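Participant: Fold the following for me, if possible:
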Amino acid sequence: MQGLHLTADLYGCNCPKDLLIDAQALAQLCRRAVGEATLTIVDDKFFTFPDYEGQPGGVTGAVLLAESHLALHTWPERAGVTLDVYVCNFSTDNSWKAEKLMDDLIIAFAPTEQNTNRILRGSADPSSKADELLLEWLNHDSAFGYRAERRLETIRSQYQTVEVFETPQFGKLFRLDGYYMTSEKDEFFYHEPIVHCAALAHPAPRSALVIGGGDGGSSEELLKHPSIERVVMAELDADVIAISRRYLGTVHRGAFDDPRLQVHVGDGFEFTARLGERFDLIVLDLTDPDTPAAKLYTPEFFTMAKRALNPGGAISLHIGSPIFQPERVRKLLADLGSVFKVVRPLGLYIPLYGAYWGLAVVSDALDPLAVSEEQIAQRLSQRAITDLQLYNPEMHRALFALPNFYKALLP
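Facilitator: As a prediction, the model looks like this:
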């Protein structure tokens, strides 16, 4: 059943008129295009509809292929055509043949406008859903995706759909409600800057609070600092922690078993509201604002989190893509600026997220840009932090160097 299904809706076709009204002419075009695509015709049928109200009727045609089929319909009164090409990839990959057939037919009809769709059908292994294409929408107009070799786990927790996949590109990939959270091979692009930009700017962090972060990646990075005596994680969903412990060992690297980590399961907003202690660092390792984490992106919560900081402490968080979510980034920076004296946005490309991504470090006293490259190098050495794949002294300042389109979103 595994295959490729292509569809196209063509408008304002500038082709010879007989292609829209003559079954024989259309059949000849299709047979020639199928042959040039090296697909195999089993049979075909083309039918011209009778004239209607003085206008010529259109043609419906289908070509039965050994690989599957070609179907099309014409609307001469609208100079329109719909195309449908499907090939199975059971014994060999026929995808390029389908693409060529569709392209050649579109060129022959010469439309002024067209809508096309590309659909992956079936699976090499239906039980594991092998070769699934995992798509994520960055906004209403943009999507990207990765191929999964197999689906390892899918559960519906009390709050969200939790999924884990084995992928060729990133190893195990973790997703919540259809949004990529982390993966084995690229997690450092996110976890290292969201932690170390603030933690290395702090002279000696002893305590940290992670809101969210159920995959354990942020906690693992915090625990690399020898001065850290205690990390508290407040994660909404116990199932996220359980799935992460089961599949994402190369992300959390045993952090859940470190005696310095204390895990609370429950609402991060309510947990922060009840806090009776303060922390040197707070990491808001959350899902996006249009998820159950929405109220943790509000000025009310930022004010509450600020009260949970020790003097000289800082909060770090991700704020979305300034390319695909500029208004979200603009609003979050404005809201952060209404609460904190120091707001330092940073940005980098995060492969799993398919985009240049924004993060921020905020504080009333700690400024990550006030720390020199030499100080960062000295602290990394003193703290014996060596197993980093992205963050280094040069990267520290580079992460805060913003392109102009990002600067334009600052309040």
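Participant: Where does the prediction get shaky in the stretch 101-250 of the chain?
Facilitator: Applying pLDDT under 70 to the stretch 101-250 of the chain flags the ranges 123-131.
Participant: Tell me where it has strands.
Facilitator: 113-121, 132-139, 142-148, 150-156, 161-167, 171-176, 179-183, 207-212, 230-235 (DSSP state E, counting those that start in this stretch).
Participant: Tell me which of those is the most buried.
Facilitator: For the strands of the stretch 101-250 of the chain, the largest average neighbour count (mean count of other CB atoms under 10 Å) is found in strand 207-212, namely a mean of 26. Where C-beta positions appear, they are placed from N, C-alpha and C, glycine not excepted.
Participant: Measure how that one sits relative to strand 230-235, angle-wise.
Facilitator: Angle of strand 207-212 versus strand 230-235, following axes from the mean of the first three to the mean of the last three CA atoms, to 10 degrees, is 10 degrees.
Participant: Turn the strands of the stretch 101-250 of the chain into TSV, columns for distance to Ser338.
Facilitator: Below are those laid out as TSV (distance: least, CB to CB, whole Å):
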stretch	distance to Ser338
strand 113-121	44
strand 132-139	25
strand 142-148	30
strand 150-156	37
strand 161-167	34
strand 171-176	29
strand 179-183	27
strand 207-212	20
strand 230-235	24
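Participant: Low-confidence ranges, the stretch 301-411 of the chain, go.
Facilitator: For the stretch 301-411 of the chain, no range has pLDDT under 70.
Participant: Now do the helices for it: every range, in order, please.
Facilitator: For the stretch 301-411 of the chain, helices defined by DSSP state H, counting those that start in this stretch occupy the ranges 326-337, 373-382, 393-399, 404-407.
Participant: out of the ones you listed, nearest to Asp186?
Facilitator: The closest of those to Asp186 is helix 393-399. By CB to CB, the value is 15.7 Å.
Participant: relative to its centroid, which residue of this structure is most remote?
Facilitator: Using CA atoms, centre = their mean, the residue of the chain lying farthest from its centre is Gly54. It sits 52.7 Å away.
Participant: Now the terminal residues of stretch 43-61, how far apart.
Facilitator: 11 Å (CA to CA, to the nearest Å).
Participant: What residues sit buried inside it?
Facilitator: Neighbour-count burial for stretch 43-61, with 16 or more other CB atoms under 10 Å as criterion, is recorded at Asp44, Phe46, Thr48, Pro56, Gly57, Gly58, Val59, Thr60, Gly61.
Participant: Sheet-wise, list the partners of the helix or strand the last one falls within with their directions.
Facilitator: It stands for Gly61. Using DSSP states H and E, Gly61 maps to strand 59-65. Paired neighbours of strand 59-65 in the sheet (DSSP bridges): strand 41-48 (antiparallel), strand 68-75 (antiparallel).
Participant: now those in TSV, with distance to Val164?
Facilitator: Formatted as TSV, the strands paired with strand 59-65 follow (distance: least, CB to CB, whole Å):
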stretch	distance to Val164
strand 41-48	42
strand 68-75	32
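Participant: Let's have those in JSON lines, adding distance to Leu19 and mean pLDDT.
Facilitator: Shown next, in JSON lines, are these (distance: least, CB to CB, whole Å; pLDDT from 0 to 100):
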{"stretch": "strand 41-48", "distance to Leu19": "11", "mean pLDDT": "97"}
{"stretch": "strand 68-75", "distance to Leu19": "7", "mean pLDDT": "96"}
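Participant: OK, contacts around His73?
Facilitator: Gly58, Val59, Thr60, Gly61, Val81, Thr82 (CB atoms under 8 Å, 6 or more residues apart in numbering).
Participant: ignore the last one, Leu19
Facilitator: Cys13, Ala25, Leu26, Leu29, Thr74, Ala108, Phe109.
Participant: Could you list which of those residues belong to helices?
Facilitator: Ala25, Leu26, Leu29, Ala108, Phe109 (DSSP state H).
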